[in-house]
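Asker: Okay, predicted coordinates and the sequence, questions at the end:
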Amino acid sequence: MKNRLTKTAYLNYLKCPQEFWLAVHQPLLIAEPDTLEYEHLRQQGYAVQQLVKKLQRFQLREGVSFDFERPFQTADLYARCDIVVTDRSTGVIDLYETKSSSSVKDEHIDDVAFQKMVAELSGSAVGCCYVITTNGEYVRHGDVDPEQLFVVTDVTDLVNERIPVTEHQTKNAIAYLESVPVASLLDYCDTNRLDCRFIKLHFPDLPDYTIFDIAFLKNEKRRQLLSDGIVSIIDVPDDFPLSDKQRIQVASAKSGDIVIDCEAIAQRIDSWEYPLHFLDYETFAYAIPQFEGIRPFQQMCFQYSLHTIDAPGAEPRHSYYLSHGEDDRPPHALAESLKKAMSGGIGTVLVWYEGFEKTRNCEMAAMFPEYAAFFEEVNANAVDLMKIFSDKLFIHPDFKGRSSIKKVLPVLRPDLSYKDLGISDGLTATISWFRAVTWESMNYTERQKIFDDLEKYCELDTWAMVEIFNELIALTTHGSEPRFSSPPYEGGVAAASAERVVLSVFPRDSD
């Protein structure tokens, strides 16, 4: 074999043999992108490893030596271990693997089993194996305490049980590289589905709107369609068993119709009490808590945007908060600001995907008892605007079965776009904010540019909800018309599409 099988390659083989094969035979197609997310995760992993080294068990003591990032290799295999502890009197080594995770996962056992196998094949005697993870219940107060932050789990027995499987799978991985895998759409994985480099290489002309976009379609039905050679949503047979919502989505894709249940939408809007608050949070999560009162990986709120409509027909007013890192408790300052912004009355709080905002509110209520009643009231009056679309009360072929705001907004308001913003997605927002408030090397101009971009990004999230709400109001107002003669807003639904608009009440089910 030309190259040794590395631990990373082996783990990739377990996840997806085809992409593992592609990485070796056509590495340029599968090279790890130099993205902001990749660099952030790399830096987080490094920070965790550096803090792990401060654990008492890894401090110098007589009769024991420590190696960090120690490699083991044979003619065919290569593994680098995070921490190797050697008993000088016996030569027996213990292996420690550090993970930026709050629990030991099955793939961690595969990881350590491969390390142990290679270490023993290279001549070392391995004693115990450990995985180091973070303690999800740890709350930072003052300086981070490594002894409380990290959990060291003895996985020796699990690793020993996995060794025979690892030996077998290692041989399979090496043999797989010498084969030429046959591409099949049925080999998709649940994670990437058709967004797989191996599949895209062999099926470059896949349709843009596929059966994978059918909402909540069960795996066995998807495989049945693929077995029949059906990939495009428009090729799904009319008699194929689907739920009512799925059938309407497929019918809309085939006909190009926009299907709207105006009556149901109007009923929901009529139940909302003014003032209407359109709320969105931006959050930051990290393995090592960076601020007071925060747990590992907790989604800590550092920014909100709030548009408020005080009464029907009133102009929206905007409130916001963005931490600049001046406070060691950003969520506390945010809670204080948000309560003041809503002091005119809670009314109805409109969010997009309520599970996220409600969970953040519960966390802040627990962190700051003085605001508990406020956040409980906010949650009690929260309404998920996304459900208009996820409940299939509004179906547009261009949504492609999805209901994220970045799928809905370009259809309803094509004149509004995230594309021209300096920060245009949530992941970039959270990483950029972290760098702006923690990197001492960043100059004032760079830092201020990030803060300005964050304000514009978060504001567009809530302004988009306001404009989508306005479009829904206009749709229900013109509910008796078969199509819109003129859009209520320039670039609105009627201007965005020439398809026929079907205004109908259709059955809804729980699938």
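Answerer: Yes, it's here.

Asker: from here on, contacts and neighbour counts on C-alpha atoms
Answerer: Noted.

Asker: Verify the stated contact: Arg70 with Thr86.
Answerer: No: with contact defined as CA atoms under 8 Å, Arg70 does not reach Thr86; the gap is 11.5 Å.

Asker: Over the helix or strand Tyr38 falls within, what's the mean pLDDT, rounded is fine.
Answerer: Element membership of Tyr38 [criterion: DSSP states H and E] is helix 36-52. Mean per-residue pLDDT for helix 36-52: 90.

Asker: Only alpha carbons, please: show that helix as PDB.
Answerer: Coordinates of each C-alpha in helix 36-52 appear next as PDB, following Å, rounded to 0.1, in the frame of the first residue of the first chain:
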ATOM      1  CA  LEU A  36     -14.100  29.900   9.300                       C
ATOM      2  CA  GLU A  37     -15.900  27.000  10.900                       C
ATOM      3  CA  TYR A  38     -13.100  24.600  10.400                       C
ATOM      4  CA  GLU A  39     -10.500  27.000  11.900                       C
ATOM      5  CA  HIS A  40     -12.800  27.800  14.800                       C
ATOM      6  CA  LEU A  41     -13.200  24.100  15.600                       C
ATOM      7  CA  ARG A  42      -9.500  23.500  15.300                       C
ATOM      8  CA  GLN A  43      -8.800  26.400  17.700                       C
ATOM      9  CA  GLN A  44     -11.400  25.100  20.200                       C
ATOM     10  CA  GLY A  45      -9.900  21.600  20.100                       C
ATOM     11  CA  TYR A  46      -6.500  23.100  20.800                       C
ATOM     12  CA  ALA A  47      -7.800  25.200  23.700                       C
ATOM     13  CA  VAL A  48      -9.400  22.100  25.200                       C
ATOM     14  CA  GLN A  49      -6.100  20.100  24.900                       C
ATOM     15  CA  GLN A  50      -4.100  22.900  26.500                       C
ATOM     16  CA  LEU A  51      -6.500  23.100  29.500                       C
ATOM     17  CA  VAL A  52      -6.500  19.300  29.800                       C
END
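
Asker: for the helix or strand that it is followed by, packing partners?
Answerer: As assigned by DSSP H and E, the chain's next helix or strand after helix 36-52 is strand 64-73. In terms of contacts (3 or more CA pairs under 8 Å, 6 or more residues apart in numbering; DSSP states H and E), strand 64-73 is packed against strand 77-87, helix 106-121.

Asker: before we move on, back to that, which residues are contacting the helix holding Tyr38?
Answerer: Helix 36-52 is contacted by residues 98-100, 146, 150, 286-288, 427-428, 431 when judged by CA atoms under 8 Å, 6 or more residues apart in numbering.

Asker: tell me which residues of that helix are tucked away?
Answerer: Judged by neighbour count using 16 or more other CA atoms under 10 Å, the buried positions of helix 36-52 are 44-45, 48-49, 51-52.

Asker: from these, which single one is nearest Ser343?
Answerer: Gln44 (38.8 Å; CA to CA).

Asker: Show me the strands in this structure, by range?
Answerer: 5-6, 64-73, 77-87, 93-98, 126-134, 150-154, 258-260, 276-284, 300-309, 317-322, 348-351, 382-384, 394-395, 501-503 (DSSP state E).

Asker: Mean confidence (pLDDT) on the last one, please.
Answerer: Spelled out, that is strand 501-503. 55.

Asker: quick one: Asn231 and Thr210 touch, right?
Answerer: One correction, residue 231 is Val, not Asn. Yes: judged on CA under 8 Å, Val231 makes contact with Thr210 at a distance of 5.6 Å.

Asker: Good, wrapping up.
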